[in-house]
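Visitor: what would the 3D arrangement of this be:
(one chain, ligands or ions: 1)
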Amino acid sequence: MYDIVTLGEAMLRLTPPDHQRLEQATSFQVNVSGSELNTAWGTVRLGLSTTWVSRLVDNPPGRMIANKAREMGVDVSHVQWIPEGRVGLYYCEMGASTRASRVYYDRKGSAISQMKPGTVNWEGILEGAKVFHVSGITPALSADCRAVTEEAIRMAKEAGLLVSFDINYRSGLWLPKEAHDCIVALLSYVDILFTTSDDTSIVFGVDGEPADIARKFVDKYGLKVAALTIREAPSVLSGKWSSVAVADDGQAYASSAKIDLELIDRIGSGDAYDAGFLYGFLTGDVAKAVRYGDAMSAIKHSVPGDHAWITLEEVEAHVEGLRTKIVR
Ligand code: KDG
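Guide: Next comes the predicted model:
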């Protein structure tokens, strides 16, 4: 029995070292990536039991992904394996100075994009679980993935789980109108929504103050809670992080302060937020969810790679107050 069930694609992430341009690289750092796997990973680091449902090729990249997930304690027993095909890749060029970071995807036709509805034993996987989490990346991968996402969300709701959804709009995968029409249909099942004002603006045409945006979504779609993450990026390598969540009683829970960050690696920081938030929500309330989400995400910005190599003790220490002196 799991606390959390996730569904999504994992890819290999190839990053040239030392802020090199992609074209000049002679080697790559290799990381395992993927929004829902990142979140699964984060929840396991905090002590929850999480399974990640996906589809992988039984070849070295596919096994590398599953091994990395296992290493962290994410359950992969429901991953579908196929003998041939491909897992996705993405290249990540880390920016600096006035050159922004860039991501280049190479994921078309990946194993999960051909995952069919009716092929996952959702009833068995969801039984006794508390949360089903997926992001807008998964239904954007293909028509099949959209059907699988709809099926999983519907069955999770029927089984009494909380449904958690991160809009995570990817412009390379679909147009705003397609994303809008798909996500609106999913939102009627969603309890916990994660998003940003960039995504609500692009996909829904909804702008405004973050708390007002969150409130609009809670009211319109009958959500239990909507959380907006707020990033300010005064330069390529520095930023400020905060978030606000609005619950179904209309109350807003905002970060106690904006957190100043050096952006060692910001990819996966939204997924880390989701993990911290879900942990806080399941073990406390919305106020705790915001505190733990903020702490997870803030620390993630200091960690290279997509995954939140963070302990619960570090998150709790961060929640108590920032310590910047060396720990010996
Ligand atoms: O949030 C980070 C993820 O999104 C990354 O691991 C993979 O960008 C990604 C994608 O589109 O799946």
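Visitor: use CA for all of it now, contacts and neighbours both
Guide: Will do.
Visitor: which stretches in the stretch 101-250 of the chain count as helices?
Guide: In the stretch 101-250 of the chain, helices defined by DSSP state H, counting those that start in this stretch lie at 122-126, 137-140, 143-158, 176-187, 197-199, 210-221, listed in chain order.
Visitor: who wins for proximity to residue 98 among the ones you listed?
Guide: The closest approach between residue 98 and any of the helices of the stretch 101-250 of the chain, judged by CA to CA, belongs to helix 197-199 at 21.2 Å.
Visitor: ok, residues contacting the closest one?
Guide: 167, 168, 169, 206, 207, 208, 210, 213, 228, 229, 230 (CA atoms under 8 Å, 6 or more residues apart in numbering).
Visitor: filter those to the buried ones?
Guide: Judged by neighbour count, with 16 or more other CA atoms under 10 Å as the criterion, the buried members of these are 167, 168, 169, 206, 210, 213, 228, 229, 230.
Visitor: got the contact list for the last one?
Guide: The neighbours of residue 230, taking CA under 8 Å, 6+ apart as the test, are 196, 197, 210, 241, 242, 243, 244.
Visitor: next, count neighbours for residue 147.
Guide: Taking other CA atoms under 10 Å as the criterion, the count of residues near residue 147 is 17.
Visitor: repeat that for residue 224.
Guide: 20.
Visitor: can you pull the pLDDT of it?
Guide: Per-residue confidence (pLDDT) for residue 224: 98.
Visitor: for residue 207, see how far away it is.
Guide: Noted for residue 224: a distance of 21 Å to residue 207, by CA to CA, to the nearest Å.
Visitor: kindly report the same for residue 20.
Guide: Residue 20 sits 36 Å away from residue 207 when distances are taken as CA to CA.
Visitor: go on, residue 129?
Guide: Between residue 129 and residue 207 the distance is 35 Å, computed by CA to CA.
Visitor: so the nearest residue to residue 240 once chain neighbours are set aside: helix, strand or coil?
Guide: Computed as CA to CA, 6 or more residues apart in numbering, the closest residue to residue 240 that is not its neighbour in sequence is residue 260, at 4.6 Å. Under DSSP: H, G, I helix; E, B strand; the rest coil, residue 260 falls in the strand class.
Visitor: neighbours around residue 260, how many?
Guide: Residue 260 has 13 neighbouring residues, counting by other CA under 10 Å.
Visitor: what's the answer for residue 100, then?
Guide: Residue 100 is surrounded by 12 other residues when neighbours are defined as other CA under 10 Å.
Visitor: show the contacting residues for the closest residue to it other than its chain neighbours.
Guide: The shortest distance from residue 100 to any residue that is not its chain neighbour, by CA to CA, 6+ apart, is 5.7 Å, and that residue is residue 236. With contacts defined as CA under 8 Å, 6+ apart, residue 236 is in contact with 95, 96, 97, 98, 99, 100, 101, 263.
Visitor: mind doing that once more with 10 Å?
Guide: With CA atoms under 10 Å, 6 or more residues apart in numbering as the criterion, the residues that contact residue 236 are 94, 95, 96, 97, 98, 99, 100, 101, 262, 263.
Visitor: how about residue 47?
Guide: Counting by CA under 10 Å, 6+ apart, residue 47 touches 3, 73, 279, 311, 312.
Visitor: who wins for neighbours among those residues?
Guide: residue 279 (25 neighbours).
Visitor: wait, that one sits on residue 50?
Guide: No. With contact defined as CA atoms under 10 Å, residue 279 does not count as touching residue 50 (11.4 Å).
Visitor: joint contacts of these two?
Guide: 3, 4, 42, 43, 44.
Visitor: between those, identify the one with the most neighbours.
Guide: Neighbours were tallied for each of the shared contacts of residue 279 and residue 50 (criterion: other CA under 10 Å), and the maximum of 33 neighbours falls on residue 42.
Visitor: right, and that one touches residue 308 too?
Guide: Yes. Here residue 42 lies in contact with residue 308, judged by CA under 10 Å, at a distance of 5.8 Å.
Visitor: which neighbours do those two share?
Guide: 268, 271, 272, 273, 275, 296, 297, 300.
Visitor: number of nearby residues for the first one?
Guide: Spelled out, it's residue 268. 26.
Visitor: what sits closest to it if chain neighbours are left out?
Guide: Take residue 268 and drop its neighbours on the chain: the residue closest to it by CA to CA, 6+ apart is residue 306, 4.7 Å away.
Visitor: is it true that the one you found touches residue 33?
Guide: Yes. Using CA under 10 Å, residue 306 and residue 33 qualify as a contacting pair, with a distance of 5.6 Å.
Visitor: what's the overlap in contacts for these two?
Guide: Between them, residue 306 and residue 33 have 13, 267, 268 as joint contacts when contacts are counted by CA under 10 Å, 6+ apart.
Visitor: check which helix or strand covers the first one.
Guide: This means residue 13. Here residue 13 sits within strand 11-15, counting by DSSP states H and E.
Visitor: which ones are touching the residue nearest to residue 101 when sequence neighbours are not counted?
Guide: Nearest residue to residue 101, sequence neighbours excluded (CA to CA, 6+ apart): residue 95, at 3.9 Å. Taking CA under 10 Å, 6+ apart, we find residue 95 in contact with 18, 19, 20, 21, 101, 102, 236, 237, 265.
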